[in-house]
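Asks: Provided below for reference: sequence and predicted model.
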Amino acid sequence: MKIIRTKDYEDMSRKAAGVIAAQVVLKPDSILGLATGSTPIGAYKQLIAWGRAGDLDFSEIRTFNLDEYRGLTRDNDQSYFYFMRHNFMDGAGIPVERTDIPDGSEPDAERECARYDAAIRAAGGIDLQLLGMGHNGHIGFNEPADEFPKGTHSVDLTASTIEANKRFFASEADVPRQAYTMGIQTIMSARKILVAVSGEDKADIVYKAFFGPVTPLVPASILQMHPDVIVVADEAALSRCKL
């Protein structure tokens, strides 16, 4: 695991974008695993800027997203499909047919999760998976549990995750209670993993995830076992870590 310390969120965003850009330059037809949430927005803006300047070409890449709220249609402005189109795909010029996100409107969880894992396998697997990390150590929507889930699955969101996400909705009651998410095995099968973390409020979980024991009670801790992980984090997020 390589940990890159950055000055602040903007610096973290540029350096995280640089890792993704290097992947695209070295392999123009890369399969990228992407994440939603506030953390990667700065990196996405930087990638779009480089693309518009002619420094990056996204025309050959394919993307798979970590997760999607269960029960939301793709035209819902809080769906992750909508988020990705608005915050990255449209600006980068990536057509819908080269992207895949779990279909939150599909009521048959077993069928949709099997479809998604099969699509990732058919594409040849993920070259670079971008991850954020929740306050409880979740990656994707893999919440603390007694064991690490394997493939894509439906998950009940914890109270802390619902609390963290309610700011995006009219009220807490509007936050979906379930989501489809890549499983830990799917994430760990990526050839390279990039973790972006920012803020003092993440300092405790960063320490537990990367310097504590590997346990499904801190899902991100499994990343210690991956052969190629880059963590890009600002000084605030790394404030408990002695590097």
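Replies: Arrived safely. Residues are numbered from 1 along each chain as shown.
Asks: List the buried residues for the longest helix along the chain?
Replies: For the chain, the longest helix by residue count, based on DSSP state H, is helix 9-26. Using 16 or more other C-beta atoms under 10 Å as the test for burial, helix 9-26 gives 9, 11-21, 23-24. In short, each C-beta sits where N, CA and C put it, glycine included.
Asks: Let's test this: mean pLDDT of that helix, rounded?
Replies: Mean pLDDT, helix 9-26: 98.
Asks: going forward, begin numbering at 434 instead of 1
Replies: Shifting the count to begin at 434 puts that one at helix 442-459.
Asks: which parts of the helix or strand of the chain with the lowest mean pLDDT are buried?
Replies: Using mean pLDDT, DSSP states H and E, the weakest-scoring helix or strand in the chain turns out to be helix 592-598, at a mean of 83. For helix 592-598, a neighbour-count test (16+ other C-beta under 10 Å) marks 594, 595, 597, 598 as buried.
Asks: Could you double-check that the third one sits in contact with residue 566?
Replies: No: counting by C-beta atoms under 8 Å, no contact exists between residue 597 and residue 566, whose distance comes to 11.6 Å.
Asks: Which residues are in contact with each of the two?
Replies: Common contact partners of residue 597 and residue 566 (C-beta atoms under 8 Å, 6 or more residues apart in numbering): none.
Asks: Return the set of buried residues in stretch 629-642.
Replies: 629, 630, 631, 632, 635, 636, 638, 639, 640, 641, 642.
Asks: Go ahead and name everything in contact with it.
Replies: Contacts of stretch 629-642 (C-beta under 8 Å, 6+ apart): 441-442, 445-446, 449, 472-473, 476, 563-570, 651, 653-654, 656, 664-667, 669-674.
Asks: Of all pairs in the buried residues of helix 592-598, which one is the farthest apart?
Replies: Greatest spatial distance in the buried residues of helix 592-598: 595 and 597, 7.4 Å, computed using C-beta to C-beta.
Asks: ok, then the element right after the helix or strand containing residue 497?
Replies: Using DSSP states H and E, residue 497 sits within strand 495-498. Where DSSP H and E defines the elements, the next helix or strand beyond strand 495-498 is strand 500-502.
Asks: Off-centre distance for that next one?
Replies: 11 Å (C-alpha atoms, centre = their mean, to the nearest Å).
Asks: in its sheet, what does that strand sit against?
Replies: According to DSSP bridges, strand 500-502 has the following sheet partners: strand 611-614 (antiparallel).
Asks: Next, the buried residues of the strand it pairs with.
Replies: 612, 613, 614.
Asks: ok, residue 437 - contacts?
Replies: Here residue 437 is in contact with 448, 663, 664, 665, 666 (C-beta under 8 Å, 6+ apart).
Asks: Quickly note the distance from the first one to residue 458.
Replies: The gap separating residue 448 from residue 458 is 15 Å, by C-beta to C-beta, to the nearest Å.
Asks: now the helices for this structure?
Replies: Using DSSP H, helices in the chain cover 442-459, 474-485, 513-517, 523-525, 542-555, 592-598, 617-621, 636-644.
Asks: Serialize those helices to TSV and add fields for distance to residue 534.
Replies: Formatted as TSV, those follow (distance: least, C-beta to C-beta, whole Å):
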stretch	distance to residue 534
helix 442-459	18
helix 474-485	15
helix 513-517	5
helix 523-525	14
helix 542-555	9
helix 592-598	17
helix 617-621	14
helix 636-644	25
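Asks: For residue 584, find the nearest of those helices.
Replies: Nearest to residue 584, of the helices of the chain and by C-beta to C-beta, is helix 542-555 at 4.8 Å.
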